[in-house]
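Trainee: Build me a structure from this.
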Amino acid sequence: MINRPISAACAAVLIASSATAQTDQETSGDPQFDWGERATSYPPAFDAQFRAPVVVTKAELDVETIVDGLVHPWAIKNLPGDAGYLVTERTGTLRHVTSDGVLSEPIGGTPEVRDERQGGLLDVETGPNFAEDRMIYLSYAKPTGTNAEGKAMSATAVGRGRLSEDFSMLEGFEDIWVQDPSAPEPVHYGSRIAFDDQNHVYITTGERFTFENRPRAQQLGATWGKTIRIHPDGSIPEDNPFVGDPEAEDAIWSYGHRNIEGAQVVDGQLVVLEMGPQGGDELNLIEPGLNYGWPLVSYGRRYDRFGGAPIGTGMAQMEGTVQPLYFWDPVIAPNDFVVYDGDMFPEWQGDFLISALVAGGLVRLSLGEDGLVEAEERVLPDLKRTRDVEVDDDGSLLVITDQEDGRLLRIKKP
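Mentor: Numbers count the residues shown, from 1 in each chain. You can find the predicted model right below:
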């Protein structure tokens, strides 16, 4: 088992101090929620890796609807300068929403997507120089023709284009990266986009789910079940860990992942949220070139409909694989997250706020000065399936709900 280092600088950014963290919350003597029955009995590798003490925020929260009528929204991006928000709908539509809730017609120039099951239009991010060039980056399930059996094929792809001044058109859209190979199963695409302060683009992928597909998460010749690192034009950084390896794809940054639908770069380090099987959702700190274990090891097991058998080796820890910083069993089905930095909720400063499909609402994690998780809270679980979360300029939270009639919500103090 590889021990995952946490630098002091990273910990300083990710945590709220113990004094701040206690200003408007309390440890719950009466549990705020039922953890539920575990899918497995694998012990954690260290105490802080699992079921941290539960805390409850004492401040009241208001939830207001900015706009409704969104069809399975997948991602939201807060635009600079009070220019409103971009929202993707999995059906293939990119929309602009003004700060006072006016929903645009579909923005033109977006790519054709495979809108089936988990496929469609997925993440949206502004480029690092958006104020000058208005470049927007999209991830999506890209149709790639049919295979020899006539089955529709698709791949995770990321492209970019220029957002017009009137928000009506994405001009000159072109792919900068396409997953290889394609697969017929419209599931486990990933796929979040994140930038670091050197303008590298990180892309997360899934391993396309099936028993036949998932071993490619361990194969460096395929980009399934990987994190990817490229330049904004799609070229490969020379210091990527597998550059020069003839058996590996140069774009790979890390491997051994199941389905990563949450990613942020925090103090220069890629941090991801990975959906587990039945149990075993993970929070991982990503280091270049390392193996995160799937499908050899997992704290979860196969779904009941597949017999509930152990994953891979039947172990949760194995030499040569990286342990998660934290895991959940039962699952919360984590999607994207933010590390809170705002004025409205000072008691949450530095905390992880995670959108969650199964837990509902937001899952909040506080980290201690050692960089380990010290507390967990379930915030507004009655919101049910949430797919993405952002911090608005005033410190309120923007959340989208993944439903046929999805909503863009604002969470704030009264």
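Trainee: In the chain, what residue spans correspond to helices?
Mentor: 8-14, 18-21, 130-133 (DSSP state H).
Trainee: Mean pLDDT lowest where, among these?
Mentor: Between the helices of the chain, the one with the least mean pLDDT is helix 18-21; it has a mean of 28.
Trainee: residue contacts, the nearest residue to Gly244 once chain neighbours are set aside?
Mentor: Of all residues not flanking Gly244 in the chain, Asp250 sits nearest, at 7.9 Å (CB to CB, 6 or more residues apart in numbering). Any C-beta I mention is one placed from the backbone N, CA and C, and that applies to glycine too. With contacts defined as CB atoms under 8 Å, 6 or more residues apart in numbering, the neighbours of Asp250 are 236, 240, 242-244.
Trainee: phi, psi of Asp250?
Mentor: In this entry, Asp250 is assigned phi and psi values of phi -60, psi -20 (degrees, to the nearest 10).
Trainee: What does the pLDDT read for it?
Mentor: Model confidence at Asp250, given as pLDDT, is 98.
Trainee: what separates it from Pro215, distance-wise?
Mentor: Distance of Asp250 to Pro215, given as CB to CB, to the nearest Å: 21 Å.
Trainee: Give the closest residue to the residue nearest the centre of the chain in space, chain neighbours not counted.
Mentor: In the chain, the C-alpha nearest the mean C-alpha coordinate belongs to Gly262, at 0.8 Å (CA atoms, centre = their mean). Once flanking residues are discounted, Gly262 sits nearest to Leu273: 3.1 Å by CB to CB, 6+ apart.
Trainee: Enumerate every residue touching that neighbour.
Mentor: If you count contacts by CB under 8 Å, 6+ apart, Leu273 has them with 260-263, 281-284, 334-337, 354.
Trainee: how about those residues in CSV, adding pLDDT and distance to Gly307?
Mentor: Formatted as CSV, the contacts of Leu273 follow (pLDDT from 0 to 100; distance: CB to CB, whole Å):
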residue, pLDDT, distance to Gly307
Ile260, 98, 25
Glu261, 98, 25
Gly262, 98, 29
Ala263, 98, 31
Asp281, 98, 21
Glu282, 98, 23
Leu283, 98, 28
Asn284, 98, 27
Pro334, 98, 25
Asn335, 97, 27
Asp336, 97, 31
Phe337, 98, 32
Ile354, 98, 30
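Trainee: now Glu238: how far from Trp253?
Mentor: Distance, Glu238 to Trp253, using CB to CB: 13 Å.
Trainee: Excluding chain neighbours, what is closest to Pro310?
Mentor: Arg301 (5.6 Å).
Trainee: Arg38 is in contact with that neighbour, correct?
Mentor: No - taking CB atoms under 8 Å as the definition, Arg301 is not a contact partner of Arg38, at 9.9 Å.
Trainee: what touches both of the two?
Mentor: Taking CB under 8 Å, 6+ apart as the contact definition, Arg301 and Arg38 share the neighbouring residues Gly279.
Trainee: In terms of neighbours, single out the busier of these two.
Mentor: With other CB atoms under 10 Å as the criterion, Arg301 and Arg38 differ in neighbour count, and Arg301 comes out ahead with 23 against 17.
Trainee: Quick one: neighbours of the closest residue to Arg134 other than its chain neighbours, just the number.
Mentor: With CB to CB, 6+ apart as the measure, Leu163 is the residue that lies nearest to Arg134, at 4.7 Å, once sequence neighbours are left out. Taking other CB under 10 Å as the neighbour definition, Leu163 ends up with a count of 24.
Trainee: Show me what Leu163 is bridged to.
Mentor: Beta bridges link Leu163 to Leu170 when assigned by DSSP bridges.
Trainee: cool, Pro73 as well?
Mentor: Beta bridges link Pro73 to Glu89, judged by DSSP bridges.
Trainee: Pretty sure it sits against Leu408.
Mentor: Yes - shown here, Pro73 and Leu408 form a contact pair, counting by CB under 8 Å, at 7.1 Å.
Trainee: what touches both of those two?
Mentor: Counting by CB under 8 Å, 6+ apart, the contacts common to Pro73 and Leu408 are 87, 400.
Trainee: Could you list the low-pLDDT ranges of the stretch 151-300 of the chain?
Mentor: For the stretch 151-300 of the chain, no stretch has pLDDT under 70.
Trainee: Now for Thr65, how many residues are close by?
Mentor: Tallying neighbours of Thr65 according to other CB under 10 Å, which is how burial is gauged here, yields 11.
Trainee: show me the contacts for it.
Mentor: 101, 407-410.
Trainee: Run through the bridge partners of it.
Mentor: Per DSSP bridges, the residues bridged to Thr65 are Leu409.
Trainee: if we can go back for a sec, isn't the residue nearest to Arg134 up against Leu170?
Mentor: Yes - taking contacts as CB under 8 Å, Leu163 lies within contact range of Leu170: 6.0 Å.
Trainee: Trp74 against Arg90, yeah?
Mentor: Yes - using CB under 8 Å, Trp74 makes contact with Arg90 at a distance of 5.0 Å.
Trainee: Strands along the stretch 1-150 of the chain, start to end?
Mentor: For the stretch 1-150 of the chain, applying DSSP state E, counting those that start in this stretch gives strands covering 25-27, 55-57, 62-70, 73-78, 85-89, 93-97, 121-126, 135-146.
Trainee: Can you list the strands that the second one pairs with?
Mentor: Spelled out, that is strand 55-57. Partner strands and pairing direction for strand 55-57 (DSSP bridges) are strand 25-27 (antiparallel).
Trainee: For the strand it pairs with, what does the pLDDT average out to?
Mentor: Average pLDDT, strand 25-27: 51.
Trainee: And for Asp341, the neighbour number?
Mentor: By the criterion of other CB under 10 Å, Asp341 has 12 neighbours.
Trainee: ditto for the one 5 residues further on
Mentor: Burial of Pro346 is recorded as 15 neighbouring residues (other CB under 10 Å).
Trainee: Ok, His231 next?
Mentor: Using other CB under 10 Å, His231 has 13 neighbouring residues.
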